[in-house]
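K.L.:
After the sequence you'll find the predicted model.
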Amino acid sequence: MREMLKLFIAVVVFSCLSGGVLAAIQNVTKERIEYQQLKFVKGPTIKNIMEGASNDPLIDRLRIVDESKEMHLFIGEFEGKRNTVAFETFGKGFGGAMGVIVGVNLENDEIIGVGVTTHSETPGVGSKAKTDPDFTAQFKGLSILDPFKVKTDGGQIDALSGATISSRGVCGAVVEAGEIYKRLKPTIIEKMKEKKG
Amino acid sequence: MAKTAVQEFTKGLWAEIPPFRLVLGLCPVLAVTKTVENGIGMGVATTFVLICSNILISLLRNVIPKKVRIACFIVVIATFVTVVELVMQAFAYPLFLKLGIFIPLIVVNCIVLGRAEAFAAKNGVVASFADGLGIGVGFTLSLTALAIVREILGNGTFYDIPVFGPSFEPFSFMVQAPGAFVCLGLMLCIMNMLGKK
């Protein structure tokens, strides 16, 4: 019985020590890992949208809880004014969820850029939503509060040839972004002021 | 026991070089040696785990009760592997994306547990450190050697730099799983021929 207890204690002590060490290391690396994930997964798309920004939107970001979901908002500074935010929403594509980042100007609600991050669309067909800059450029300069639809559905966006469903997915994500934007705009402006001060 | 630390180190480089002489730990050997970068990354990660776990287990060899030693070893190894995983995510995210699930699998790499059980649990700290370093470097060299052959033949590149002209048709069999077995077999054969003399 005593031996059993000894073995038991040995394993418990070992596990506890290891748990403690790991928790400490995770705590230290957490922020950096989050940044790395943003940089390599969403980073290129955000850089593309925020071209010409004088800050690093990946560092300059806000965390806002929207309907119990945590959202990252990336702030872009143009000509000395912090007037742009970009955030990710998801649309339903042909091969599953498509991550779409939408950049919006807070002053006039205009879209400054749209880019696809993660997707599992057909390579060479639906994947063009990510690689073809002409497709996403169609959103540029439009108001985010518009209802976006592809032309076959009576909207204003030219679908990618052969990839209507992927194109719809992107439109859907942008429409969702519009709704989130409507809900969050006051919070965003408030938080940005707080951050500045 | 009269062997010096230097001897413990050098035996890992030839006499007991892991994948070829011990024929242990073949899972990462076969899976990650598609490119030289991956091979070296995996080798360094494994070396780090080996050295740390060897040192710690050697230090604790009189504290750990014999009957639960394997459980304790696994806890120690798993802790270091998780440390590697977190650090790699924080500082080398692109490499982490490529090596992905193979990093947690270092826990069950029999080389690490094998060295803990066969060597560190019976020897002093300095000898265990030398043993871990030797086996680790040997493992890294083996992975690199295998990866060089496979990447050059299968992809026509070395560390992502093209080595052949544009007319080179990659021998893609080499970067697939069967190629890994064939390549490993041939290298084992060469090693044995050299060792016989």
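P.N.:
Structure received.

K.L.:
what's the burial count for residue 62?
P.N.:
In the absence of a named chain, chain A is used. 18 (other Cβ atoms under 10 Å in any protein chain shown). Quick note: C-beta positions are derived from backbone N, CA and C, even for glycine.

K.L.:
To clarify, I was referring to chain B.
P.N.:
7.

K.L.:
Just the element for it, please.
P.N.:
Residue B:62 is part of no helix or strand, with elements assigned from DSSP states H and E.

K.L.:
repeat for residue B:123
P.N.:
Using DSSP H and E, residue B:123 falls outside every helix and strand.

K.L.:
Residues of chain A that sit close to chain B?
P.N.:
Within chain A, the positions adjacent to chain B are A:3, A:6-7, A:10-11, A:14-15, A:18, A:21-22, A:25-26, A:29, A:32-33, A:36-37, A:39-40 by Cβ under 8 Å from any Cβ of the partner chain.

K.L.:
Need the pLDDT of the spatially closest residue to residue A:165 that is not a sequence neighbour.
P.N.:
For residue A:165, ignoring the flanking residues on the chain, the nearest one in space by Cβ to Cβ, 6 or more residues apart in numbering or on different chains is residue A:94 at 4.3 Å. What the model reports for residue A:94 is a pLDDT of 80.

K.L.:
cool, and residue A:163?
P.N.:
78.

K.L.:
Find the nearest non-adjacent residue to it, please.
P.N.:
Nearest non-adjacent residue to residue A:163 (Cβ to Cβ, 6+ apart): residue A:126, at 4.3 Å.

K.L.:
ok, is stretch B:109-121 in contact with chain A or not?
P.N.:
No: Stretch B:109-121 is not in contact with chain A by Cβ under 8 Å from any Cβ; minimum separation 13.4 Å.

K.L.:
what about that stretch, distance to the chain center?
P.N.:
Distance of stretch B:109-121 from the chain centroid (Cα atoms, centre = their mean, to the nearest Å) equals 13 Å.

K.L.:
how long is that stretch from one end to the other?
P.N.:
Its start and end residues considered, stretch B:109-121 measures 17 Å (Cα to Cα, to the nearest Å).

K.L.:
avg pLDDT for that stretch?
P.N.:
pLDDT averaged over stretch B:109-121 gives 87.

K.L.:
hang on, residue B:49 in a helix?
P.N.:
Yes: assessed with DSSP: H, G, I helix; E, B strand; the rest coil, residue B:49 lies in a helix.

K.L.:
wait, isn't residue A:164 in contact with residue A:150?
P.N.:
Yes: counting by Cβ atoms under 8 Å, residue A:150 is a contact partner of residue A:164 at 6.2 Å.

K.L.:
Return the distance of residue B:136 relative to residue B:49.
P.N.:
8 Å (Cβ to Cβ, to the nearest Å).

K.L.:
now do residue B:102
P.N.:
Here residue B:102 is placed at a distance of 12 Å from residue B:49 (Cβ to Cβ).

K.L.:
Compare neighbour counts for these two and give me the winner.
P.N.:
residue B:49 (27 against 18).

K.L.:
I'd guessed residue A:153 sits against residue A:168; true?
P.N.:
Yes: look at residue A:153 against residue A:168 with Cβ under 8 Å: they come within range, at 7.2 Å.

K.L.:
Which residue, other than its chain neighbours, is closest to residue B:117?
P.N.:
Nearest to residue B:117 is residue B:73, by Cβ to Cβ, 6+ apart, at 6.7 Å.

K.L.:
buried residues in the host helix or strand of that neighbour?
P.N.:
Using DSSP H and E, residue B:73 sits within helix B:69-91. Buried residues in helix B:69-91, defined by neighbour count with 16 or more other Cβ atoms under 10 Å in any protein chain shown: B:69, B:71-90.

K.L.:
neighbour count winner among residue A:153 and residue A:168?
P.N.:
A direct count of neighbours by other Cβ under 10 Å for residue A:153 and residue A:168 places residue A:168 higher, at 22 against 13.

K.L.:
The strand or helix carrying the more buried one: which residues count as buried?
P.N.:
If you go by DSSP H and E, residue A:168 is part of helix A:164-196. Residues A:164-175, A:177-178, A:180-181, A:184, A:188, A:191-192 are the ones in helix A:164-196 that count as buried (16+ other Cβ under 10 Å).

K.L.:
before we move on, what about stretch A:20-36?
P.N.:
Those would be A:22, A:25, A:29, A:33, A:35, A:36, for stretch A:20-36 by 16+ other Cβ under 10 Å.

K.L.:
tell me the mean pLDDT over the helix of greatest length in chain A?
P.N.:
Of all segments of type helix in chain A, defined using DSSP state H, the longest is helix A:2-37. Helix A:2-37 carries an average pLDDT of 88.

K.L.:
Helix or strand next in line after that helix, which one?
P.N.:
helix A:43-49.

K.L.:
that older thread, tell me the predicted confidence for the residue nearest to residue B:117.
P.N.:
90.

K.L.:
where's it relative to residue B:61, distance?
P.N.:
Taken as Cβ to Cβ, the span from residue B:73 to residue B:61 is 10 Å.

K.L.:
Please enumerate the shared neighbours of the two.
P.N.:
residue B:121 (Cβ atoms under 8 Å, 6 or more residues apart in numbering or on different chains).

K.L.:
how distant is stretch A:148-161 from the center of its chain?
P.N.:
That offset, for stretch A:148-161, works out to 23 Å (Cα atoms, centre = their mean).

K.L.:
quick one: buried residues of that stretch?
P.N.:
A:148, A:149, A:150, A:155, A:157, A:159, A:160.

K.L.:
pretty sure residue A:118 is in contact with residue A:99, am I right?
P.N.:
Yes: between residue A:118 and residue A:99 there is a contact under Cβ under 8 Å: 4.2 Å.

K.L.:
Look at the two and report which has more neighbours.
P.N.:
residue A:99 (19 against 15).

K.L.:
partners of the helix or strand harbouring the more buried one in the sheet?
P.N.:
Assignment of secondary structure by DSSP H and E places residue A:99 within strand A:97-105. Its sheet considered, strand A:97-105 pairs with strand A:81-92 (antiparallel), strand A:111-116 (antiparallel) by DSSP bridges.

K.L.:
Nothing else from me, thank you.
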